[in-house]
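**Student:** Provide a 3D model corresponding to the input given below.
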Amino acid sequence: MEQKKQNKMGTRPILPLILAMSLPAMMSMLVQALYNVVDSYFVAQVSESALTAVSLVFPIQNLLIAVAVGTGVGLNSLISRRLGERNQKDADSAATHGLLIGLLNWLFFALLGIFFSRTFFTLFTANPEIIAMGESYMSIVCIGSVGCCVSINIEKTLQATGDMIHPMLSQLLGAITNIILDPLFIFGIGPFPQMGVAGAAVATIIGQIASMLYLLFVLFTKKHGVSVVLRGFKPTLSMIKNIYAVGFPAIIMQSIGSVMVVGMNAILIAFSETAVAFFGIYFKLQSFVFMPVFGLNQGLLPIIGFNYGARSRHRVTQTVKWGSIIAVIIMASGTILFWALPAELLGIFNASEQMLAIGVPALRTISLCFIPAALGIVFSSAFQALGKGFSSLFISILRQLIVILPVSLAFAVLTHDLTVVWYAFPIAETFSLIASVLIYAKLYRNVLMGLPEYGEQ
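**Tutor:** Next up is the predicted model:
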């Protein structure tokens, strides 16, 4: 019975398998998107300075999540490929390495929070209120980041074995805990102390630690496709290198989004502060469209990796095909929503008339990028699953930096028309899609064509 559970990624029909593997992750990603909106709402009730302080911490939080998720992607890719190759020893070793690496990542960010929080904020502002709130928030989030660093590695390890339910439950537990505790610690409701911005940080790390404790319980008490054995464990440089062959490009991919935001804000501020404010709202809105596709990718990655390791070309290509179809359906729905109800979507955030004048045409223009983005994201996930992390990194840099920022700047300088600047988004996604198709075609000829049609039995 256990053997059948371990091998479902190599035997179950592709479409039902993708749905079973992806739907839990898609649901938890939607909850994460909801949490981001709710968390910002509560912090904004404290003061505008509080929201500014938390916003300034965003690059550090983004870096923390990038390191954790990137490392997890490397683990997921390696473990799923080794399981497909039936190399149980290396799969178990990678899973055990994941716990150690998670603790080392946490140590790095804890030291960052202890020694550099105040210095970081003095680089951006001289406002003592913002510095005090920001230093408190950043130090708590970084020092308490053990929950984030360890839980994400366990999530990706379990997903690599085909277990999508326990990772989903852990993310739901963390997000719901955070949402409940946010107002209690921020405003001091009932027996809870009134901590302001620091309370938001405390709620965040408690939610992350709750997820970690649940996943540790699952990891050591339930049966899985891998076993973590700590007694006599000796880390090896070769295993760490194999993890980060895919993990390091994934870390860079997760990080460059914030660079793009900084660059776009620098371009948009020349038009108005409202344009910058709208761009922040756009990211909250688009997360409800993109997050399900990212959840879909969490299901695709282990399926592709397993079947690549099992040398089944048909199952790899079918997974990419069905993943692309599902992603396009999701993104097409988002495009229709952004075209049909742009004013209503902006109204959620009490948009002013000026915001509506900027945002309504902007949402419609930017949403033209959704469908090519869907395909590009699926191809990028396939590259990671096949162990080609740097191909995935190239596509991400192409779509978020190389094309979009120069095109946006050129449109802004040449036309002085904000409505034209937004066309940089569909242009960038179209270029990255063309590059993705060319890279995938090359991988198909040079790598996948060398595999048996239905794998080695």
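
**Student:** show residues contacting stretch 325-339.
**Tutor:** Contacts of stretch 325-339 with the rest of the structure, by C-beta atoms under 8 Å, 6 or more residues apart in numbering, involve 18, 22, 285-286, 288-289, 292-293, 296, 345, 363-364, 366-368, 370-371, 373-375, 377-378. Heads up, the C-betas are built off the backbone N, CA and C, glycines and all.

**Student:** inside strands: which ones of these?
**Tutor:** Among the contacts of stretch 325-339, the subset assigned to strands under DSSP state E is empty.

**Student:** buried set for the helix or strand hosting residue 241?
**Tutor:** If you go by DSSP states H and E, residue 241 is part of helix 237-268. Judged by neighbour count using 16 or more other C-beta atoms under 10 Å, the buried positions of helix 237-268 are 239-240, 242-256, 258, 260-261, 263-264, 267-268.

**Student:** cool, and stretch 298-318?
**Tutor:** 298-313, 315-318.

**Student:** what does the domain assignment say about this structure?
**Tutor:** For the chain, the structural domains run 14-235, 257-457, going by automatic domain parsing.

**Student:** in the chain, what helix or strand scores lowest on average pLDDT?
**Tutor:** helix 2-6 (a mean of 44; mean pLDDT, DSSP states H and E).

**Student:** so how far is the helix or strand following that one from its chain's centroid?
**Tutor:** As assigned by DSSP H and E, the chain's next helix or strand after helix 2-6 is helix 8-11. Centre-to-centre, helix 8-11 and its host chain are 26 Å apart (C-alpha atoms, centre = their mean, to the nearest Å).

**Student:** start the count at 509, not 1, going forward
**Tutor:** Fine by me, first position is 509 from now on; the one you just mentioned is helix 516-519.

**Student:** residue 533 and residue 807 touch, don't they?
**Tutor:** Yes: applying C-beta atoms under 8 Å as the test, residue 533 and residue 807 come out as touching, 5.8 Å apart.

**Student:** intersection of neighbour lists for these two?
**Tutor:** With C-beta under 8 Å, 6+ apart as the test, residue 533 and residue 807 both reach 667, 672.

**Student:** what's residue 814 sitting at in phi/psi?
**Tutor:** Here is the backbone geometry of residue 814 (degrees, to the nearest 10): phi -60, psi -50.

**Student:** what do you get for residue 584?
**Tutor:** Here residue 584 shows phi and psi, under degrees, to the nearest 10, equal to phi -60, psi -50.

**Student:** pull the number of nearby residues for it.
**Tutor:** 30 (other C-beta atoms under 10 Å).

**Student:** that one reaches residue 810, doesn't it?
**Tutor:** Yes: counting by C-beta under 8 Å, residue 584 touches residue 810, with 6.0 Å between them.

**Student:** list residues touching both of those two?
**Tutor:** Between them, residue 584 and residue 810 share the contacting residues 667, 668, judged by C-beta under 8 Å, 6+ apart.

**Student:** residue 576 versus residue 867, what's the distance?
**Tutor:** As for residue 867, its distance to residue 576 is 32 Å (criterion: C-beta to C-beta, to the nearest Å).

**Student:** next one: residue 861
**Tutor:** 41 Å.

**Student:** those two: which has the busier surroundings?
**Tutor:** Taking neighbours as other C-beta under 10 Å, residue 861 and residue 576 compare with residue 576 leading, 27 against 7.

**Student:** need the nearest residue in space to that one, chain neighbours excluded.
**Tutor:** Spatial nearest neighbour of residue 576, excluding adjacent residues (C-beta to C-beta, 6 or more residues apart in numbering): residue 660 at 4.3 Å.

**Student:** residue 625 sits in which helix or strand?
**Tutor:** helix 596-630.

**Student:** list the helices and strands that helix packs on?
**Tutor:** helix 556-592, helix 636-651, helix 654-668, helix 745-776 (3 or more C-beta pairs under 8 Å, 6 or more residues apart in numbering; DSSP states H and E).

**Student:** CSV please, covering those and showing mean pLDDT.
**Tutor:** Output for the helices and strands packed on helix 596-630, formatted as CSV (pLDDT from 0 to 100):
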stretch, mean pLDDT
helix 556-592, 80
helix 636-651, 88
helix 654-668, 90
helix 745-776, 81
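
**Student:** make CSV from those helices and add distance to residue 908 to it.
**Tutor:** Shown next, in CSV, are these (distance: least, C-beta to C-beta, whole Å):
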stretch, distance to residue 908
helix 556-592, 13
helix 636-651, 24
helix 654-668, 21
helix 745-776, 4
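
**Student:** out of the ones you listed, flag the one nearest residue 610.
**Tutor:** The closest of those to residue 610 is helix 654-668. By C-beta to C-beta, the value is 4.0 Å.

**Student:** from the chain's centroid, how far away is the closest one?
**Tutor:** Worked out by C-alpha atoms, centre = their mean, helix 654-668 lies 13 Å from the chain centre.

**Student:** swap in stretch 765-780?
**Tutor:** For stretch 765-780, the separation from the chain centroid amounts to 21 Å (computed by C-alpha atoms, centre = their mean).

**Student:** how about residues contacting it?
**Tutor:** 566-567, 570-571, 783-784, 787, 791, 862, 866, 908-909, 912-913, 916-917, 920, 926, 929.

**Student:** repeat that for 7 Å
**Tutor:** Here stretch 765-780 makes contact (C-beta atoms under 7 Å, 6 or more residues apart in numbering) with 566-567, 570, 783-784, 787, 908-909, 912-913, 916-917, 920, 926, 929.

**Student:** cool, stretch 871-889 as well?
**Tutor:** 790, 797, 801, 805, 808-809, 828, 831-832, 835-836, 838-840, 842-843, 846-847, 850, 853, 900, 903-904, 907, 930-931, 933-934, 937-938, 940-941, 944, 948.

**Student:** I'd like the distance between residue 954 and residue 894.
**Tutor:** Applying C-beta to C-beta, the value for residue 954 to residue 894 is 11 Å.

**Student:** more neighbours: the two, which one.
**Tutor:** residue 894 (24 against 9).

**Student:** separate out the buried members of the contacts of stretch 871-889.
**Tutor:** Buried among the contacts of stretch 871-889 (16+ other C-beta under 10 Å): 790, 797, 801, 805, 808-809, 828, 831-832, 835-836, 838-839, 842-843, 846, 850, 853, 900, 903-904, 907, 930-931, 933-934, 937-938, 940-941, 944, 948.

**Student:** for residue 593, phi and psi?
**Tutor:** phi -80, psi 0.

**Student:** with residue 736 as the reference, measure out to residue 625.
**Tutor:** 33 Å.

**Student:** between those two, which has more neighbouring residues?
**Tutor:** Legend: neighbour count by other C-beta under 10 Å for residue 625 and residue 736, higher for residue 625 (22 against 18).

**Student:** which stretches in the stretch 809-958 of the chain count as helices?
**Tutor:** 821-848, 850-855, 861-874, 878-893, 897-905, 912-923, 926-929, 932-954 (DSSP state H, counting those that start in this stretch).
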